[in-house]
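Chemist: Generate coordinates for the sequence data below:
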Amino acid sequence: MKKTITFLLLSTTILVSAQRILPENERARVVDEILNDKFNNLLPGLMDKADIDMWILISREYNEDPVLRTMLPATWLNARRRTILLFYRNKTKNTIEKLAVARYNVGDNIVSAWDKEQEPDQWKRLIQLIEERNPKKIGLNYSKDHNIADGLDKTDYDEFMQNLPKKYHSRVGSAEQLAVRWIETRTPREMVIYNQLVDITHDIIDEAFSERVITPGITTTAEVEWWMRQKVTDLGLETWFHPTIDVQRTSEELVGHLYSFSGRPEDTVILPGDLVHCDFGITYLRLNTDCQELAYVLKPNEREAPEFLRDAFKDGNRVQDFLTKNMIAGRTGNEILAKALDEAKAVGLRPSIYTHPLGLYGHSAGTTIGMWDSQGGVMKDDGENYPLNPNTVYAIELNTTVTIPEWKRDIRIMFEEAGFFGEDGFRYVNGRQTELLLIPRLKKHQGN
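Modeler: Next up, the predicted model:
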């Protein structure tokens with residue numbers, strides 16, 4: 001009964017965020033305005049770089065291509081029946097057509113090009129549109145290397161190829177590079193919004209890691225997880241994964257990396273002297289955040305975390321710096337990983353780096369910079385051969401292992417922050433954690 005009462009009390013706390021969270025109708029307006037900008041100002045250049053003048057996306061309701069899903073207007077939560085989108089780029093005329101071989105316009109940006117009463121067969125109408133434009137290269141979303149670019153199912157591929165005249169078969173190819181660039185590229189307006197998303201994420205973590213939520217000796221890790229989950233719902237937001245909270249303390253051995261995400265005790269009581277870690281993210285305006293931060297639970301009469309924990313924390317920041325300074329346009333994820341690890345190890349650090357693209361999906365498409373279980377580099381089918389491109393966002397996710405003699409054990413300093421790589425290099429989207437959060441927050445009257 002006590003645990004239930006504790007959780008109910010925790011859930012009544014209301015976050016006052018510096019950021020205004022939009023009502024649904026305003027969110028829809030913003031989403032559609034961003035889509036309009038991307039279709040007209042971003043997509044033509046991406047198609048030119050990929051050397052694809054016709055991009056065809058095909059999905060059926062509830063089985064959407066991950067790329068097509070990002071193109072639907074705010075009022076479309078799913079595709080309808082079979083939805084076929086056709087983008088045709090005429091570079092000479094500097095035009096782009098956005099057509100839907102569907103019964104309806106797909107929002108304000110993509111115009112229906114199929115009258116079923118005139119041509120009952122949807123595939124025949126698609127072929128008519130192709131023949132009228134006579135494209136040099138037709139891109140379809142299939143890919144071995146990038147899961148998000150592999151959204152065309154076998155049934156639709158087979159039917160498309162069966163209906164497509166033979167003379168066009170040699171012009172069909174994978175649109176994986178175009179699909180990944182569409183997914184990973186952020187516009188200036190999206191980056192203004194992204195700062196707000198990360199700020200909201202930081203606000204929720206700040207409150208979760210405070211005496212307003214955690215009462216040492218009473219509150220459990222699971223209760224904080226559910227408080228964060230409920231907070232997201234109360235704010236009218238969503239999360240793309242369940243939050244996790246774990247603790248490291250003097251009486252326990254360092255366990256495997258998976259402990260922080262799977263297999264740990266669900267109801268660990270948080271105690272004074274604990275190093276508390278969270279993994280948390282939100283979804284808002286079709287963008288996603290992913291953040292890991294650390295807090296220390298003060299013991300009686302302590303006014304700051306022990307120096308050995310503060311020094312360990314700084315080592316984590318140093319690993320971040322080795323990674324981000326090696327994020328150079330054109331380098332592959334494996335190249336960035338190897339250089340960052342070598343430089344960090346050369347100064348005595350014990351790093352592990354597993355940074356992933358972040359954006360329209362939490363684990364998004366783009367450059368893969370390590371995986372927690374692939375510190376020697378990832379294989380080709382995990383995106384190893386894909387270069388770092390500008391105007392992209394990454395979850396700067398990593399850890400460093402530090403020996404703590406005072407605790408007679410190793411600890412792991414784990415960080416994750418949203419970072420933007422632009423034309424001028426790297427920056428954090430909304431800053432990064434540079435010192436431990438303290439539970440409880442210090443007050444003026446505290447002390448001896």
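Chemist: Endpoints of stretch 141-156, how far apart?
Modeler: Stretch 141-156 has an end-to-end distance of 11 Å (C-alpha to C-alpha, to the nearest Å).
Chemist: scratch that, stretch 147-166
Modeler: The stretch stretch 147-166 measures 28 Å between its terminal residues, going by C-alpha to C-alpha.
Chemist: and if you look at stretch 131-138?
Modeler: Terminal residues of stretch 131-138 lie 12 Å apart, using C-alpha to C-alpha.
Chemist: Pull the residues that contact that stretch.
Modeler: Residues outside stretch 131-138 that contact it (C-beta atoms under 8 Å, 6 or more residues apart in numbering): 51-56, 88, 97, 130, 165, 168, 171-173. C-betas here are computed from N, CA, C, even on glycine.
Chemist: List the buried residues in stretch 395-404.
Modeler: Residues of stretch 395-404 classed as buried: 395-402, 404 (neighbour count, 16 or more other C-beta atoms under 10 Å).
Chemist: Using the three-state scheme, assign the closest residue in space to Cys291 that isn't next to it in sequence.
Modeler: Counting by C-beta to C-beta, 6 or more residues apart in numbering, the nearest residue to Cys291 once its immediate chain neighbours are dropped is Thr201, at 5.1 Å. Classification of Thr201 by DSSP: H, G, I helix; E, B strand; the rest coil places it in helix.
Chemist: If you tally nearby residues, what's the number for Thr201?
Modeler: By other C-beta atoms under 10 Å, the residues close to Thr201 number 27.
Chemist: which residues does it contact?
Modeler: Counting by C-beta under 8 Å, 6+ apart, Thr201 makes contact with 280-282, 289, 291.
Chemist: Check the gap between it and Gly431 for me.
Modeler: Thr201 sits 12 Å away from Gly431, going by C-beta to C-beta, to the nearest Å.
Chemist: where are the low-confidence patches of the protein?
Modeler: Flagging of the chain using pLDDT under 70 yields the residue ranges 1-17, 254-265, 380-385, 443-448.
Chemist: now, which of the contacts of stretch 131-138 sits nearest Thr219?
Modeler: The closest of these to Thr219 turns out to be Trp55 (C-beta to C-beta; 51.0 Å).
Chemist: I figured that closest one was touching Arg181, is that so?
Modeler: No. The pair Trp55 / Arg181 is not scored as a contact, 11.3 Å apart, by C-beta atoms under 8 Å.
Chemist: Give the bridge partners for Ile58, please.
Modeler: Going by DSSP bridges, Ile58 is paired in beta bridges with Ile84.
Chemist: Show me the domain layout of the chain.
Modeler: Taking automatic domain parsing as the criterion, the chain consists of the domains 2-19+188-439, 53-174.
Chemist: if we can go back for a sec, between the contacts of Thr201, which is closest to Gly151?
Modeler: For those, the residue nearest Gly151 by C-beta to C-beta is Gly281; the value is 22.6 Å.
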